[in-house]
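> Here is my input; please provide its structure:
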Amino acid sequence: MTDDVSGSIVARLRELILSVNGIVGAVGVVALVIGLLSGSIPGRVICGLIVVSAGVYFFAWWRAERADREPPRTERHHSPVQDMGAKKLLFDDYQPSGGNYVVREVEEGEQAVVPSSRTAQPVTAGLKPESVREMEIPDFFDLDSDAPYSETEPKSEFHSLLNKVLLVLKDVLFAHSVAFFWANREKSQMVLESMATDSRLFMSTKRFPMENDIVSQVAASGKPQLLGRVNPATEKELLRYYESPAYVKSVLVVPVFIMDRARGVLPVGAIVADSKAEDAFGQETLELLGRFTKLVSALVKSYTDKYDLLLDSELLSSLRRMQDRARSDPGEQTILAALADEAHRMANWDFLTVALYADDRHGWCLQKVVNRTTQGYATPDQLVDAEGSITGSVIASNRVATVPDLAAEPRCRFHAGEAFDKTGSFVCLPISSMNRCYGALTLESRTPGNFSGKDVETVYRLVESAAGALEVLYMNNLAREYVLVDQLTGSLTRKFFLRKLEDEVQRAADFGAELSSVSIAVDGMEEHMGRYGREGCDAILNEAARLLRANIRPYDAIGRLEGDRLGVLLISTAASDAYLWAEKMRKAISSHVMSVGKKSFSVTVSAGVCGLSEGMGMNELVAGTSQVLGKAMEHGGNLVRVY
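From the prediction side, this is the model:
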């Protein structure tokens with residue numbers, strides 16, 4: 001007996017597990033366990049949606065079962081008494097005690113047939129057995145539309161998850177429209193992020209001003225509001241997210257909060273739900289919506305954290321690109337061009353300028369101007385008013401200046417005579433290092449309030465990197481002024497070579513001695529640069545300088561005049577002898593095998609020779625050697641020419 005009972009129980013459990021209810025229940029339990037153990041916010045959201053769907057399914061199933069179990073209510077059948085005479089009645093005492101009894105009158109001539117209680121019951125319309133569709137994976141997960149969240153951009157991921165939450169919320173509340181709005185306090189606007197609606201009158205734009213509508217009030221105060229009856233006369237002003245009155249009767253708006261490390265808990269947006277029925281929402285709806293806002297707050301927190309990480313990653317990439325460009329081609333214009341390009345990636349602006357100090361004009365001057373519009377703006381080489389302008393005050397104080405609305409700013413941007421339009425927003429950042437301020441970067445937009453605090457902070461990091469690159473550049477230039485020997489070639493630097501040349505020219509003029517200058521350049525250096533790179537070109541120049549040093553006298557001098565050009569000073573040497581020496585060096589270098597890495601090759605050089613003649617100074621001597629060197633290279637190189 002016990003085995004039969006156990007077997008029936010096991011069979012019943014197996015039937016229950018294999019049924020649709022069992023499958024849905026198992027899926028709900030598994031999703032609940034995974035959601036509790038998962039540390040991922042998106043994973044918890046998806047599991048929560050599955051659990052809610054399973055609960056809705058069981059609630060609907062329970063209601064259907066309860067309706068099926070209620071016994072049909074039928075009227076009692078009785079025969080009216082026609083007279084006081086006796087009647088022959090039939091009564092089925094096997095009818096269930098809780099049902100409606102049937103008593104039948106039998107005529108005299110009728111056969112006494114006892115009717116069955118089943119056939120005597122009133123016939124009801126036959127119900128078709130309900131066919132329950134088997135639930136599959138697409139009922140719980142969007143296989144086609146959902147990309148892996150790890151591969152999507154944070155804003156797209158947040159928008160997708162929020163849209164799913166609003167769809168569930170709309171179905172649960174039987175709402176007409178449900179939407180989430182951001183509160184942009186810097187621009188005083190409410191920005192639509194996502195919505196689920198049945199209305200065709202929902203706003204087509206993405207934002208509206210923060211004023212006295214109900215969504216703005218909740219986002220500003222952080223207190224929910226519930227209206228059971230909306231006055232049609234005030235609907236247009238109360239519900240700004242409809243383009244025209246939608247005849248909404250009930251509205252519920254709740255705030256969405258987030259924790260700010262500096263200012264504490266702040267409302268960052270609002271969720272609004274409305275209905276075309278009066279008093280559609282109550283206290284229980286408000287509590288339910290409060291639970292959903294906690295979920296949305298967690299999504300917002302995850303989104304902002306990921307967005308901050310993305311911005312930091314983009315900023316690091318911009319800084320790396322700036323450093324690579326400054327390292328490959330060190331120069332002031334290269335650094336400024338890299339700064340403008342990266343600022344374009346990190347912020348939205350219409351005009352950009354860079355002001356640096358100009359020694360020749362003895363003042364701060366606009367060195368770079370980028371105009372991305374067709375309207376007039378400041379021009380390069382424009383002097384900056386150091387006292388009365390915004391840019392001048394930023395350079396003097398070494399502080400960032402942000403102007404949300406230029407129309408309300410009494411000061412000029414660069415100088416008092418600027419005639420271009422004064423509309424939009426403006427930000428000026430000092431280009432300064434630990435030691436000095438090198439100038440200022442300005443960004444301007446035609447839209448007031450365009451630059452957020454995050455934009456200014458990001459561009460400030462780029463300006464800091466550019467200031468560091470400028471400081472390295474200026475320090476290198478300063479070092480060159482006082483360093484005697486060039487680090488790459490081991491020869492004199494340009495400054496000290498020209499100083500040595502000037503002394504020897506004066507000495508030769510005083511004592512009537514001979515003096516010659518030779519300029520030597522490697523042929524096809526651009527081709528070598530493309531083939532071997534900068535390090536290969538440096539190795540070529542270094543090897544050529546070593547061969548030259550090995551073939552001069554102790555009192556002669558060799559120096560690095562320009563990037564890839566060497567100069568040799570031959571004392572007490574006539575131009576004809578200098579030509580023979582230069583020709584000897586040309587052949588020696590062209591026959592010398594050089595090595596860069598695993599590559600071996602040879603190069604040729606061109607030389608220009610100029611001897612000192614009566615009345616010739618140092619500048620004329622240098623110009624003469626440069627002139628004949630240029631002619632030698634124009635004729636194909638591997639030549640020696642004499643002035």
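> which helix is the longest one in the protein?
helix 283-328 (DSSP state H).
> Pull the distance from that helix to the chain's centre.
A distance of 9 Å separates the centroid of the chain from that of helix 283-328, by CA atoms, centre = their mean, to the nearest Å.
> go on, stretch 279-293?
35 Å.
> contacts for it?
165, 169, 172-175, 224, 226, 228-229, 249-250, 252, 254-257, 271, 273, 275 (CB atoms under 8 Å, 6 or more residues apart in numbering). Backbone N, C-alpha and C define where each C-beta goes, glycine included.
> Let's see that with 7 Å instead.
The contact list for stretch 279-293, computed with CB atoms under 7 Å, 6 or more residues apart in numbering, reads 165, 169, 173, 224, 226, 228, 250, 252, 254, 256, 271, 273, 275.
> The first one is in what secondary structure piece?
Taking DSSP states H and E as the criterion, Val165 maps to helix 154-173.
> mind listing the helices for the stretch 351-500 of the chain?
Under the criterion DSSP state H, counting those that start in this stretch, helices of the stretch 351-500 of the chain are mapped to 390-397, 453-482, 494-511.
> can I get the CA coordinates of the shortest one in PDB?
The one in question is helix 390-397. The C-alpha trace of helix 390-397 is given here as PDB (Å, rounded to 0.1, in the frame of the first residue of the first chain):
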ATOM      1  CA  ILE A 390      39.400  87.300 -20.700                       C
ATOM      2  CA  THR A 391      42.400  85.600 -22.200                       C
ATOM      3  CA  GLY A 392      44.800  88.200 -20.800                       C
ATOM      4  CA  SER A 393      43.300  87.700 -17.300                       C
ATOM      5  CA  VAL A 394      43.600  83.900 -17.500                       C
ATOM      6  CA  ILE A 395      47.300  84.200 -18.500                       C
ATOM      7  CA  ALA A 396      48.000  86.600 -15.700                       C
ATOM      8  CA  SER A 397      46.100  84.700 -13.000                       C
END
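> and it, what other elements does it pack with?
Under the contact criterion of 3 or more CB pairs under 7 Å, 6 or more residues apart in numbering; DSSP states H and E, helix 390-397 touches strand 401-403, strand 425-432, strand 437-445.
> what pairs with the longest one, and is each one parallel or antiparallel?
For strand 437-445, sheet partners with direction are given as strand 351-358 (antiparallel), strand 425-432 (antiparallel), following DSSP bridges.
> Residues in contact with it: which ones?
339, 343, 347-357, 364, 391, 394-395, 398, 413, 424-432, 451, 459, 463, 467, 470.
> re earlier: let's have the helices of the stretch 351-500 of the chain in a markdown table, adding distance to Leu37, mean neighbour count and mean pLDDT.
As requested, the helices of the stretch 351-500 of the chain are exported to a markdown table (distance: least, CB to CB, whole Å; neighbours: other CB atoms under 10 Å; pLDDT from 0 to 100):
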| stretch | distance to Leu37 | mean neighbour count | mean pLDDT |
| --- | --- | --- | --- |
| helix 390-397 | 54 | 21 | 92 |
| helix 453-482 | 35 | 16 | 83 |
| helix 494-511 | 71 | 16 | 90 |
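> Looking at those, which is nearest to Val52?
Closest approach to Val52 among the helices of the stretch 351-500 of the chain is made by helix 453-482 (35.4 Å; CB to CB).
> Just give me how far that closest one sits from the chain centre.
So, by CA atoms, centre = their mean, the centroid of helix 453-482 is 24 Å from its chain's centroid.
> any idea of the angle that helix forms with strand 437-445?
150 degrees (axes from the mean of the first three to the mean of the last three CA atoms, to 10 degrees).
> on contacts alone, who are the packing partners of helix 453-482?
helix 283-328, helix 332-346, strand 425-432, strand 437-445.
> quick one: contacts for Asn348?
445, 450.
> Could you check how far it is from Phe208?
21 Å (CB to CB, to the nearest Å).
> Endpoints of stretch 412-426, how far apart?
For stretch 412-426, the first-to-last residue distance is 11 Å (CA to CA, to the nearest Å).
> Low-confidence stretches in the chain?
Applying pLDDT under 70 to the chain picks out residues 1-20, 39, 66-153, 261-263, 480.
> Kindly recompute the last result at 50.
Applying pLDDT under 50 to the chain flags residues 74-84, 97, 110-121, 123-127, 146-151.
> Was I right to think Val459 contacts Trp349?
No. Taking contacts as CB atoms under 7 Å, Val459 lies outside contact range of Trp349: 9.0 Å.
> Reformat the helices and strands packed on helix 453-482 into CSV and put mean neighbour count and distance to Arg641 next to each item.
Listed next are the helices and strands packed on helix 453-482 as CSV, based on neighbours: other CB atoms under 10 Å; distance: least, CB to CB, whole Å:
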stretch, mean neighbour count, distance to Arg641
helix 283-328, 15, 33
helix 332-346, 19, 33
strand 425-432, 23, 46
strand 437-445, 24, 43
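> picking up where we left off before, helices or strands next to the helix holding Val165 in the packing?
helix 41-69, strand 177-184, strand 189-197, helix 283-328.
> among these, which is nearest Ser156?
That would be helix 283-328 among the helices and strands packed on helix 154-173, by CB to CB, at 10.2 Å.
> now the closest one against helix 453-482, angle please.
With the same axes, to 10 degrees as the basis, helix 283-328 and helix 453-482 are set at 10 degrees to each other.
> thinking again about what came up before, wait, which of the helices and strands packed on helix 453-482 is closest to Trp182?
So among these, helix 283-328 is nearest, using CB to CB, at 9.1 Å.
> Brilliant, that's me finished.
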